[in-house]
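**Q** Below are the sequence and a predicted model for it; my questions follow.
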Amino acid sequence: MRDWQELVRQRLSGLKLGSAETEEVHAELAAHLEESYEVFCKEGLPEKEEVHRTFEQVADWQDLQRRIFIAKRSGHPMKKRLHQLWIPGFFTVVLSIVFLVTLQGLGFQARVVSWSGPRTTLLYLPWLLSLPFFGALGAYLSSRAGGSRRTMLLASTFPALALTGAFLSMFPIGFAMERIIGRRVGFSIVATTLLRDGIGWLLVPGAALLAGGVLVNLLFSGRTSSQSTAIS
Amino acid sequence: MIGAGIKRGTAELAILSVLEEGPLHGYEMARRIEEQTKGALRFTLAALYPMLYRMEQRGWIRGAWETSPSGRRKRCYRLTPAGKKKLSPLRKEWAELFGALKRLTKVAHA
């Protein structure tokens, strides 16, 4: 039995994409060649002729390699990133913050959950319940722009990731401020406090957002699977 | 001789149109296009995949690995909302172009 993937790999050995991406291209082209070969086999051609007609589809492998590389690197990566990640992510951040502020304005109080003695965590339950929807929205917007599954999940958890980044950046900022003004400021203390509350502000919200993103992901992949049952 | 831009345009329209019917992998896509155009449009492997990758980069289609009932793994492409949005004006443009050419050739033969 022919190893089609190896045959493609030999012919496209100079394809300078990432290793996973290159393997995907090899596997995809190999599957195409294999299917063509099987069709020619069904026609009852001599084996040499079957192989010849299968490979006849590519007159110049070097040219194909070059065109695949250009196609894979075409488009506007920044623009694509903007539509697939930054805009959906930013939208999710804004909506979740506006909703939190609205809840606070309406008088909803955070629930204080105690764990391990004096340690406590603040949980805004109505806000947390809303986060899967915002996460799902971020993933959906990313998907509409053609985002991959990974980008969809990143867009859905964007508020938690942004908040984590903001918390962590307070340490170097606080440290730099202390050096500049020559006296201790409260940045590090604030950041330490916020990190202590990371469960309520980062982990639990992150998980809630991710749940929404995963749901949208499953819905999309479920739809694809059901529609592709006709593939032989 | 048909220019590269026109060739690319027809190929994009053909791919988006067959994908509108449902997700397909590359080989099946080429077969359907050939069948539906009665052999007027043929995609070899070398013509099809650079085009699919370019369209995927533009966000018009999305490919994902699927396992068929026979256990084979194939990369299936489906239309994204951006691709669906692109299809309608593309159809209109080509209909206008073919309409104009048809009128032109009628006038020339009259």
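**A** Okay, I see it. Residues are numbered from 1 along each chain as shown, chains lettered A, B, ... in the order given.
**Q** Can you report how many residues lie near the residue of chain B found nearest chain A?
**A** In chain B, the residue that lies nearest chain A is residue B:59 (3.0 Å; CB to the nearest CB). To be clear about C-beta, it is placed using only N, CA and C from the backbone, and glycine gets the same treatment. For residue B:59, the number of neighbouring residues by other CB atoms under 10 Å in any protein chain shown comes to 21.
**Q** hang on, it is in a strand, isn't it?
**A** No: under DSSP: H, G, I helix; E, B strand; the rest coil, residue B:59 sits outside any strand and is assigned coil.
**Q** Three-state assignment for residue A:154, please.
**A** Going by three-state DSSP: residue A:154 is helix.
**Q** Quick check: closest non-adjacent residue to it.
**A** In this structure, residue A:154 finds its nearest non-sequential neighbour in residue A:85, 6.0 Å apart by CB to CB, 6 or more residues apart in numbering or on different chains.
**Q** what about stretch A:56-63, distance to the chain center?
**A** The chain centre lies 34 Å from the centre of stretch A:56-63; the measure is CA atoms, centre = their mean, to the nearest Å.
**Q** can I assume residue B:63 sits in a helix?
**A** No: counting by three-state DSSP, residue B:63 falls outside a helix, being strand.
**Q** circling back: in contact with the residue nearest to residue A:154, which residues?
**A** Listed by CB atoms under 8 Å, 6 or more residues apart in numbering or on different chains, the contact set of residue A:85 reads A:142, A:147, A:151, A:154, A:155, A:158.
**Q** rerun that using 7 Å as the cut-off
**A** A:142, A:147, A:151, A:154, A:155 (CB atoms under 7 Å, 6 or more residues apart in numbering or on different chains).
**Q** Check it and give its pLDDT.
**A** Predicted confidence (pLDDT) for residue A:85: 89.
**Q** which residues of the chain fall in helices?
**A** Just going to use chain A. A:4-11, A:19-42, A:47-55, A:61-72, A:77-81, A:87-105, A:125-144, A:149-156, A:158-181, A:187-196, A:198, A:204-227 (DSSP state H).
**Q** wait, I meant chain B there
**A** Using DSSP H, helices in chain B cover B:4-20, B:26-36, B:45-57, B:81-109.
**Q** I'd like these as CSV, with mean pLDDT, mean neighbour count and distance to chain A appended.
**A** Compiled in CSV, these are given as follows (pLDDT from 0 to 100; neighbours: other CB atoms under 10 Å in any protein chain shown; distance: least, CB to the nearest CB, whole Å):
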stretch, mean pLDDT, mean neighbour count, distance to chain A
helix B:4-20, 82, 17, 11
helix B:26-36, 93, 19, 4
helix B:45-57, 92, 22, 4
helix B:81-109, 83, 12, 4
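**Q** how's chain A carved up into domains?
**A** For chain A, automatic domain parsing gives the domain ranges A:4-74, A:77-229.
**Q** which stretch in those has the least confidence?
**A** Lowest mean pLDDT within the domains of chain A: domain A:77-229, at a mean of 79.
**Q** Distance from that domain to the middle of the chain?
**A** Between the centre of domain A:77-229 and the centre of its host chain there is 14 Å, according to CA atoms, centre = their mean.
**Q** Equivalent analysis for stretch A:51-71, please.
**A** Its chain's C-alpha centre and that of stretch A:51-71 lie 31 Å apart, by CA atoms, centre = their mean.
**Q** And it, what's buried?
**A** Neighbour counts over stretch A:51-71 (16 or more other CB atoms under 10 Å in any protein chain shown) mark A:51, A:54, A:55, A:57, A:58, A:61, A:64, A:65, A:67, A:68, A:69, A:71 as buried.
**Q** mind checking how far residue B:80 is from residue B:8?
**A** 19 Å (CB to CB, to the nearest Å).
**Q** if we can go back for a sec, would you agree the residue of chain B closest to chain A is in contact with residue B:81?
**A** No: counting by CB atoms under 7 Å, residue B:59 sits too far from residue B:81 to count as a contact (9.1 Å).
**Q** what's near enough to touch the most centrally placed residue in chain B?
**A** Central residue of chain B (CA atoms, centre = their mean): residue B:15, 1.9 Å from the mean position. Residues in contact with residue B:15, defined by CB under 7 Å, 6+ apart, are B:29, B:51, B:52, B:55.
**Q** partners of residue B:79 in the sheet?
**A** residue B:61 (DSSP bridges).
**Q** if we can go back for a sec, for the buried ones among the contacts of residue A:85, write the corresponding PyMOL selection.
**A** Buried residues within the contacts of residue A:85, by 16+ other CB under 10 Å, are selected in PyMOL with:
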select buried, chain A and resi 142+147+151+154+155
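**Q** Please dump the contacts of residue A:85 into JSON lines; it should also carry distance to residue A:96 for every row.
**A** Formatted as JSON lines, the contacts of residue A:85 follow (distance: CB to CB, whole Å):
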{"residue": "A:142", "distance to residue A:96": "16"}
{"residue": "A:147", "distance to residue A:96": "19"}
{"residue": "A:151", "distance to residue A:96": "19"}
{"residue": "A:154", "distance to residue A:96": "15"}
{"residue": "A:155", "distance to residue A:96": "13"}
